[in-house]
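**Student:** below are the sequence and a predicted model for it; my questions follow.
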Amino acid sequence: MDHAPTKSSRLPCSGRLTKGARTNSGAPSTGHAHDMTPAAITRGHRVIVLCMVIAVLDVFDFVYTIFAAKSIDFCEENPVARAVLNSAWGPVLGLGTLKLSGLLLACTILIIYRRQRISELACWCMALVFAALMTVWLIYFSHVSL
């Protein structure tokens, strides 16, 4: 008995369709994380590169925060980071654990959904926020001697 392929058997998974997008097989795109359209694949590559940029900027933020924490007039504005800096773990281990766990959680979620437009947008927003933070750190260190 011959069965014609159904719409659900041709698509990688069921779900909301992205308007106008097509998979490599010509079927409409589902918009899910394993979307194989050329645009989604390229977006996925950009998200991975942006996550690497975010990781590098996060390391610089960590190092600058540790240097600034040794400064006499430094006051951490983030209440969670402030509590961790003053914890029994100490500034390096405590803040390092906090920043690494947050970075791993965020980048894991973004990489899982890397072919989604919202993931790329989130990466660009995070990169811009970290770039602005680097500007703040440069201004701070230009006025403070360690």
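**Tutor:** Happy to help now that I have it.

**Student:** which residues of this protein score low on pLDDT?
**Tutor:** For the chain, the stretches flagged by pLDDT under 70 are 1-34, 146.

**Student:** can you do 90?
**Tutor:** 1-36, 65-78, 81-82, 84-91, 140-146 (pLDDT under 90).

**Student:** what domains does the record give for it?
**Tutor:** 1-35, 37-143 (automatic domain parsing).

**Student:** what about the residue nearest to Cys51 when sequence neighbours are not counted, which helix or strand?
**Tutor:** The shortest distance from Cys51 to any non-neighbouring residue, by C-beta to C-beta, 6 or more residues apart in numbering, is to Cys107 (4.4 Å). Yep, even glycine has a C-beta here, placed from its N, CA and C like the rest. Using DSSP states H and E, Cys107 falls within helix 90-112.

**Student:** tell me what that helix is packed against?
**Tutor:** Here helix 90-112 touches helix 38-69, helix 79-85, helix 117-143, going by 3 or more C-beta pairs under 8 Å, 6 or more residues apart in numbering; DSSP states H and E.

**Student:** now do it and helix 38-69, the angle between them.
**Tutor:** Here the directions of helix 90-112 and helix 38-69 differ by 170 degrees (axes from the mean of the first three to the mean of the last three C-alpha atoms, to 10 degrees).

**Student:** I'd like to know how many residues surround Trp89.
**Tutor:** Neighbourhood size, Trp89 [other C-beta atoms under 10 Å]: 14.

**Student:** show me what contacts it?
**Tutor:** Thr97 (C-beta atoms under 8 Å, 6 or more residues apart in numbering).

**Student:** how far away is it from Leu95?
**Tutor:** Distance, Trp89 to Leu95, using C-beta to C-beta, to the nearest Å: 8 Å.

**Student:** so which bits of the helix holding Cys107 are buried?
**Tutor:** For helix 90-112, a neighbour-count test (16 or more other C-beta atoms under 10 Å) marks Pro91, Gly94, Leu95, Gly96, Leu98, Lys99, Leu103, Ala106, Cys107, Leu110 as buried.

**Student:** good, we can wrap up now.
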